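Trainee: for reference, the sequence and a predicted model appear below.
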Amino acid sequence: MKLPSLRVLIGVVVLFAVTLLVIIGGRDILVRGRVITRAWDVVKIWRARMAGAAGPVAPFPQSSVIQSITWDFAGGLPVPGGAALAPGSDLWSSAWLANGTTFFAWGDGGGFAPGDNFTCRARFGIDSVTGTPPGLSFTRVGGCRADGTGCENAGCPGGVCPHNPSCDAPATSSSNVNAYGAPVAMLGIGNTIYANLDSGTAQTLATSTDGGSTFALFSWNFPKTAAGSFVPEM
C-alpha cells in the first residue's frame with residue numbers, strides 16, 4: 001500500500017484548518033467559560049504580528065468617528081485648568097432617560113459645590129444635570145439630607161457631616177440605599193434608572209421610577225466571594 005506523500009498530508013491539514021475556521025470563524029472563543037474574542041479576530045491579530053507589527057494589536061478597527069481624545073488633568077469644569085467641581089467625590093456613573101433627563105451619581109463625597117469631601121457627604125448621591133459644557137447646571141436629587149439621614153457620617157470628622165442647604169438632598173429623597181453601597185454603575189432604560197451599588201462585600205441592584213428621588217432595592221444581591229462577584233444570592 002502506497003502511503004500518501006507529505007504534500008498530500010499537508011494539504012489535508014490545511015484544508016481541515018480552513019474548514020474549521022469557516023465553521024467557528026464568527027463564534028466566540030471560550031476559555032474556562034469566559035468569552036475571549038472571536039476566532040477571526042485571533043487570526044487577524046496573528047497575521048498582524050507575523051507581519052512584524054510592533055506593539056499590541058487592537059482586535060477591532062480604529063473608530064472612524066472618534067479620532068482622538070484629550071484629558072484635562074489640571075482641573076475641571078467650568079474653566080479648563082480651574083478647580084475641580086466636586087472634590088472628594090468619585091465614580092460618576094451616569095444615566096440618560098427617554099424623557100431627555102441626564103443624571104450623575106457619585107460615591108463617598110458631597111457632590112458638586114458647595115458639597116465637598118465632608119459637606120453633604122453621602123455614600124450614594126445623585127444629581128440631575130442640564131445644559132451644555134462648560135455651562136452645566138446640577139440639581140440635587142438624592143444623597144445626604146439635612147436631618148442627617150442618607151449621610152455618610154462615619155467618613156466625616158467627629159462622626160457628623162456638616163450641611164449646607166444648597167447641597168442637602170430633598171427631605172423626600174431615599175435614605176435606605178446608602179447602606180447598600182456606592183453607585184459603581186448606572187443605566188437608564190425608558191424612564192427608569194437602574195443602579196448597581198457596591199458595599200465592598202456585595203453588589204445590590206436598585207431602581208428608581210421617579211427621577212432618582214427614591215430607589216427600590218432588589219430582593220437579591222451579588223455577594224463578593226473568592227469565586228467572584230456575580231453569584232446571585234436570595
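Mentor: Done, it's in.

Trainee: check which residues of the helix or strand hosting Arg140 are buried.
Mentor: Assigned by DSSP states H and E, Arg140 belongs to strand 135-142. Buried residues in strand 135-142, counted by 16 or more other CB atoms under 10 Å: Leu136, Phe138, Arg140, Val141, Gly142. C-beta here means a position set from N, CA and C on the backbone, and glycine is covered the same way.

Trainee: what mean pLDDT does stretch 125-138 have?
Mentor: Per-residue pLDDT over stretch 125-138 has a mean of 84.

Trainee: before we move on, back to that, quick check, nearest of the buried residues of strand 135-142 to Ala122?
Mentor: Gly142 (7.9 Å; CB to CB).

Trainee: contacting residues for the closest one?
Mentor: Gly142 makes contacts with 122, 124-126, 150, 169-170, 173-174, 177, 212-215, as judged by CB atoms under 8 Å, 6 or more residues apart in numbering.

Trainee: so which of these sit within helices?
Mentor: Using DSSP state H, no member of those sits in helices.

Trainee: relative to Trp96, which of these is nearest.
Mentor: Trp96 lies nearest to Gly212 out of these, by CB to CB, at 12.4 Å.

Trainee: mind listing the residues bridging to Arg145?
Mentor: For Arg145, the beta-bridge assignment (DSSP bridges) gives partners Ala169.

Trainee: neighbours of Thr119, how many?
Mentor: For Thr119, the count of nearby residues is 21 (other CB atoms under 10 Å).

Trainee: that one and His163 touch, don't they?
Mentor: Yes. In this structure, Thr119 is within contact of His163 by CB atoms under 8 Å, at 7.0 Å.

Trainee: and the nearest residue to Ala182 once chain neighbours are set aside, how close does it get to Leu91?
Mentor: With CB to CB, 6 or more residues apart in numbering as the criterion, Ala182 has its nearest non-adjacent residue at 2.8 Å, and that residue is Gly107. Distance of Gly107 to Leu91, computed by CB to CB, to the nearest Å: 5 Å.

Trainee: cool, and Pro133?
Mentor: 19 Å.

Trainee: who's more crowded, these two?
Mentor: Remark: of Pro133 and Leu91, Leu91 carries more neighbours, 19 against 7, as counted by other CB under 10 Å.

Trainee: where does pLDDT dip in the protein?
Mentor: 1-59, 72-84, 134, 175-176, 179, 226-234 (pLDDT under 70).
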